[in-house]
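In: For reference, the sequence and a predicted model appear below.
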Amino acid sequence: MTDFIRLEARRIGAAAVTMPGSKSISNRTLLLAALSDNDCEIRSLLKSDDTDRMLDALRALGVKLETLPSGSLKVYGGGGRFAVREADLFLGNAGTAFRPLTAVLALLGGRYRLHGVERMHERPIGDLVDALRSAGAQINYQGKEGYPPLLIGERQDQGKRSLKIKGSVSSQFLTALLMALPLTGEAFEIEVEGVLISRPYIDITLNLMAKFGVQVANEDYRRFRLPAAARYCAPQVVQVEGDASSASYFLAAGLLGGEAVRVNGVGKNSIQGDAAFALELEKIGAQVRWGEDFIEVSRPAGQTVRAFDIDANHIPDAAMTLAVVALAADGSSTLRNIASWRVKETDRIAAMAAELRKLGATVEEGADFIRITPPAKLNADALIATYDDHRMAMCFSLVSLLGVPVRILDPKCTDKTFPGYFDVFNSL
């Protein structure tokens, strides 16, 4: 892409920003509502590329969707089934749509082809497919073994009610199984092999499943038990929280810029793990205020940004923001236990290392860590590649608060989760 946005070096004033709806909550809620026995109104649903891909898929599967005069979306539940049993579904690079839909369609059975952009075909899905096949699903790879595109056929139930899934690649695999298995009507047990990464995203899944009437027994994130005869029953209204991952850029701006920045739509009772990002900022010099529906970050006068060394497994998406915050730290900073970055929208460890070096930083990267030493002076007007990754673009916007201008390629990639991001950021 040759299109770029140039952000001048700037200072911010005290500000309040309302967050768009959470991507993770939006796509989970859409799918659960579509599979419910009743209808549901979803308020503050995220409007983005990823949710558009889920909505396109649901329409193609016969789900009735209605936009209400208020702007909310009404989803007419299909009673645990889809009316259309044969479809070709393009899901872009939306992992929160691709993985759960794979599991749901494979367990319900039918004739489906699931595919996406080139990067989605490079993101592994073999562990999920293996688990689904052990439950009788018929899934074939149309290209490289272990990767999309996928062809799904009729399930042949062989009576197996205990599944295993690796926990080390993507928590979305476990989320997909948890959401899909109740549709079989049978009791299931899922055993997690190895250490489960990104546990807070599983908490989101379990919280929403409970809201839709299905309780899952969680045995220390090692074993999950799903009840027999479960049915999804939607609340009359679901309010989608503001996106805590997207909030991280504005909260970090409060720390870097020194002025109070408040994000509305996500607060102290958030079900999103990335809300804990504010706690990490507090450890390195931020002053944080928590409300029922807001988080506010500033930096006291004279307070430096302290170097850090953290295990970021609990906030894998928001932790990317800390990699740029490290440019303002008073020493070398390390983010650990981030192997999942390697299989996201791009290889985020490699991409982050490459772009931080353009700014003059010394960067060491490993299989599951990145260590960043800021330069004495940042390089001005660095041209930052974004790798078709929305978070890369949003993270590096913060460089403009560090005394130098920065140019960011393909700024429209933020449409994946935050259309209009740069307009909102510039409003600071």
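Out: Received the coordinates, thanks.
In: looking at it, residue 338 is touching residue 371, isn't it?
Out: No. Counting by CB atoms under 8 Å, residue 338 stays clear of residue 371, with 11.4 Å between them. From N, CA and C alone the C-beta is placed, and that goes for glycine too.
In: and those two? which has more neighbours close in?
Out: More crowded of residue 338 and residue 371, by other CB atoms under 10 Å: residue 338, with 27 against 17.
In: nearest residue to the more buried one other than its sequence neighbours?
Out: residue 312 (5.4 Å; CB to CB, 6 or more residues apart in numbering).
In: swap in residue 374?
Out: Among residues not flanking residue 374 along the chain, residue 327 sits closest, at 4.8 Å (CB to CB, 6+ apart).
In: what does stretch 9-20 rub up against?
Out: Stretch 9-20 is contacted from outside by 46-48, 242-244, 246-247, 250, 253, 257, 259-266, 294, 380, 400-405, 417-419, 424, 427-428, using CB atoms under 8 Å, 6 or more residues apart in numbering.
In: out of those residues, which are inside strands?
Out: 261-264, 294 (DSSP state E).
In: separation between the residue nearest to residue 338 and residue 304?
Out: According to CB to CB, to the nearest Å, residue 312 stands 21 Å off from residue 304.
In: Those two: who's more crowded?
Out: A direct count of neighbours by other CB under 10 Å for residue 312 and residue 304 places residue 312 higher, at 25 against 12.
In: Let me know whether the more buried one touches residue 339 as I believe.
Out: No. Applying CB under 8 Å as the test, residue 312 and residue 339 come out as separate, 10.7 Å apart.
In: list the contacts for the spatially most central residue of the chain?
Out: What sits nearest the mean C-alpha location of the chain, by CA atoms, centre = their mean, is residue 24, with 5.3 Å. Counting by CB under 8 Å, 6+ apart, residue 24 touches 96, 201, 204, 243, 245, 272.
In: switch the cut-off to 10 Å
Out: By CB atoms under 10 Å, 6 or more residues apart in numbering, the contact list for residue 24 reads 46, 50, 96, 172, 175, 200-201, 204-205, 208, 240-241, 243-245, 271-274, 317, 417.
In: tell me the phi and psi of it?
Out: When read as degrees, to the nearest 10, the backbone of residue 24 gives phi -60, psi -40.
In: do you know how far it is from residue 208?
Out: With distances taken as CB to CB, residue 24 is found 9 Å from residue 208.
In: who touches both of those two?
Out: In contact with both residue 24 and residue 208: 175, 271, using CB under 10 Å, 6+ apart.
In: Chain neighbours aside, what residue packs nearest to residue 381?
Out: residue 405 (5.3 Å).
In: list the contacts for that neighbour?
Out: Contacts of residue 405 (CB under 10 Å, 6+ apart): 6-10, 380-382, 399.
In: Check what pLDDT it gets.
Out: The model reports residue 405 with a pLDDT of 98.
In: What of the one 3 residues further on?
Out: The predicted local confidence for residue 408 comes out at a pLDDT of 98.
In: Please enumerate the helices of the stretch 151-300 of the chain.
Out: Applying DSSP state H, counting those that start in this stretch to the stretch 151-300 of the chain gives helices spanning 171-180, 199-211, 244-257, 277-283.
In: what about residue 66, which SS state?
Out: strand (DSSP: H, G, I helix; E, B strand; the rest coil).
In: For it, which residues are in contact?
Out: Counted by CB under 10 Å, 6+ apart, residue 66 has contacts 39, 41, 72-76.
In: if you look at those, which of them are in strands?
Out: 39, 41, 73-76.
In: coming back round to it: only the buried members of the contacts of stretch 9-20: can you turn that into a PyMOL selection?
Out: Applying 16 or more other CB atoms under 10 Å to the contacts of stretch 9-20, the buried members can be selected in PyMOL as follows:
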select buried, resi 46+47+48+242+243+244+246+247+250+253+257+259+260+261+262+263+264+265+266+294+400+401+402+404+417+418+419+424+428
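In: Surely residue 358 is in contact with residue 404?
Out: No. Checked against CB atoms under 10 Å, the pair residue 358 and residue 404 is beyond contact range at 11.5 Å.
In: shared neighbours of the two, which are they?
Out: 378-379, 382.
In: which sections of this protein are below the confidence cut-off?
Out: 1-2 (pLDDT under 70).
In: quick one: contacts for the residue at the greatest distance from the centre of it?
Out: Within the chain, residue 302 marks the point farthest from the mean C-alpha position, 34.7 Å out by CA atoms, centre = their mean. Neighbouring residues of residue 302 by CB under 10 Å, 6+ apart: residue 258.
In: go on, residue 356?
Out: Counting by CB under 10 Å, 6+ apart, residue 356 has contacts 323-324, 326-327, 362-363, 365, 370, 372-375, 382, 384, 395-396, 399.
In: quick one: the strands in the stretch 251-400 of the chain?
Out: 261-264, 287-290, 294-298, 309-311, 333-336, 362-365, 369-373, 382-384 (DSSP state E, counting those that start in this stretch).
In: Next, format those as a markdown table and append distance to residue 130.
Out: Conversion of those to a markdown table gives the following (distance: least, CB to CB, whole Å):
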| stretch | distance to residue 130 |
| --- | --- |
| strand 261-264 | 39 |
| strand 287-290 | 42 |
| strand 294-298 | 39 |
| strand 309-311 | 28 |
| strand 333-336 | 28 |
| strand 362-365 | 29 |
| strand 369-373 | 28 |
| strand 382-384 | 38 |
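In: Select, out of these, the one closest to residue 413.
Out: Nearest to residue 413, of all these, is strand 382-384, at 11.5 Å by CB to CB.
In: what's in contact with that closest one?
Out: Residues from elsewhere that reach strand 382-384 (CB under 10 Å, 6+ apart): 4-7, 351, 354-360, 392-393, 395-397, 399, 404-410.
In: ok, 7 Å please
Out: 4, 355, 358-359, 396, 406-409 (CB atoms under 7 Å, 6 or more residues apart in numbering).
In: Kindly report the same for stretch 145-162.
Out: 98, 102, 105-107, 109-116, 120-122, 124-126, 134-143, 186-189, 191.
In: rerun that using 6 Å as the cut-off
Out: Stretch 145-162 is contacted from outside by 105-107, 109, 112-115, 120-121, 124-126, 134, 136-140, 142-143, 188-189, using CB atoms under 6 Å, 6 or more residues apart in numbering.
In: ok, now which ones touch residue 306?
Out: Residue 306 touches 284-285, counting by CB under 6 Å, 6+ apart.
In: no wait, residue 233
Out: Counting by CB under 6 Å, 6+ apart, residue 233 touches 36-37, 213.
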